[in-house]
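1. Curious how this folds, go ahead:
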Amino acid sequence: MGGTVTVTDGKVTAAAVLPVVMRGRLAVVAVLAALVVLVLGVRYAGDAVPGRTDARIGEAAYGVGAPWWHLASATDFLGDPGGALLLLTAGVVGCLRARRTRAAVLLLAGPALAVGVTRLLKPLAARTINGDDNLAFPSGHTAFLTALALALALLAAGRFGLGPTSGTVLAVAVASAAGVLMGWAQVATGAHYPTDTVGGCCTALAVVPAAAWVIDRVADARRTRVR
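-> Alright, predicted model coming up:
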């Protein structure tokens, strides 16, 4: 992640964390993802049992033996406070060493906001698993890893100057892969229903592009005032 620059509204600015050429496509992705969260949240609001799709997928994924259980547990740890701190620290240190302050902010703000939104939505959906005290929808673990992967993919797309289509495909593919991995771990360990993890993944897809856009706007505005 070098010292590349981008042009925004005819002005040369520091490297944007949301590549300009991808903004339109990612806005569409974000809106569609938000709609998925809304639909699933309404569909499963107040439920304490798996839906038909959840039951079928959960039956195949839950209770896996070694070595898959160990992989699921290790993946689940990445969404816990300790694992998340390790990932975020490594990412932020790398960005700061490369003098990419905006990138460091995105790596912190994107996952934090995605997880924060899941915590706001859980009591609204009021879906539970493994007891009335365990709110399930959407999955915060899945939102975290998806958001982190999406933020890294956006930075990579900007760094290598990918076009609108290739950059968006990369971002969505990397984020979805991370979401599938953490989602599988959550289902395999019995922490979430499959649709909870879809909601978590889509929460990140909706939140991170918006966070990146705000970071760029604020940073560009500050640079303009300084000049």
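
2. show me where the chain has helices.
-> Using DSSP state H, the helices of the chain run over residues 23-43, 52-61, 68-78, 81-97, 101-125, 140-159, 164-188, 194-226.

3. angle of the first one against helix 164-188?
-> Our comparison of helix 23-43 with helix 164-188, counting by axes from the mean of the first three to the mean of the last three Cα atoms, to 10 degrees, yields an angle of 30 degrees.

4. Return the set of buried residues in helix 23-43.
-> Along helix 23-43, these residues count as buried under the neighbour rule (16 or more other Cβ atoms under 10 Å): 23, 25, 26, 29, 30, 33, 34, 36, 37, 40, 41. Using the backbone N, CA and C atoms, a C-beta is placed for each residue, glycine as well.

5. how about stretch 179-198 as PDB, C-alpha atoms only?
-> What follows is stretch 179-198, C-alpha atoms only, in PDB (Å, rounded to 0.1, in the frame of the first residue of the first chain):
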ATOM      1  CA  GLY A 179     -18.200 -14.400   5.500                       C
ATOM      2  CA  VAL A 180     -18.700 -18.000   4.400                       C
ATOM      3  CA  LEU A 181     -15.700 -19.200   6.400                       C
ATOM      4  CA  MET A 182     -16.800 -17.500   9.600                       C
ATOM      5  CA  GLY A 183     -20.500 -18.300   8.900                       C
ATOM      6  CA  TRP A 184     -19.600 -22.000   8.700                       C
ATOM      7  CA  ALA A 185     -17.600 -21.800  11.900                       C
ATOM      8  CA  GLN A 186     -20.600 -20.200  13.700                       C
ATOM      9  CA  VAL A 187     -23.000 -22.900  12.500                       C
ATOM     10  CA  ALA A 188     -20.500 -25.700  13.100                       C
ATOM     11  CA  THR A 189     -20.000 -24.700  16.700                       C
ATOM     12  CA  GLY A 190     -23.800 -24.100  17.300                       C
ATOM     13  CA  ALA A 191     -23.400 -20.400  17.900                       C
ATOM     14  CA  HIS A 192     -25.700 -19.200  15.100                       C
ATOM     15  CA  TYR A 193     -28.300 -20.300  12.600                       C
ATOM     16  CA  PRO A 194     -27.100 -20.100   9.000                       C
ATOM     17  CA  THR A 195     -29.400 -17.100   8.200                       C
ATOM     18  CA  ASP A 196     -27.900 -15.200  11.100                       C
ATOM     19  CA  THR A 197     -24.500 -15.500   9.400                       C
ATOM     20  CA  VAL A 198     -26.000 -14.300   6.100                       C
END
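
6. And the pLDDT for the residue positioned nearest the centre of the chain?
-> Centroid-nearest residue in the chain: residue 147, 1.9 Å away (criterion: Cα atoms, centre = their mean). We have a pLDDT of 98 for residue 147.

7. I'd say it and residue 208 touch.
-> Yes. Assessed by Cβ atoms under 8 Å, residue 147 is found in contact with residue 208 at 5.1 Å.

8. what touches both of these two?
-> 110, 113, 114, 175 (Cβ atoms under 8 Å, 6 or more residues apart in numbering).

9. is it possible to export the buried residues of helix 23-43 to a markdown table including distance to residue 53?
-> Formatted as a markdown table, the buried residues of helix 23-43 follow (distance: Cβ to Cβ, whole Å):
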| residue | distance to residue 53 |
| --- | --- |
| 23 | 33 |
| 25 | 28 |
| 26 | 27 |
| 29 | 23 |
| 30 | 24 |
| 33 | 18 |
| 34 | 21 |
| 36 | 14 |
| 37 | 16 |
| 40 | 11 |
| 41 | 15 |
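
10. Could you point out which of these is nearest to residue 140?
-> residue 37 (12.9 Å; Cβ to Cβ).
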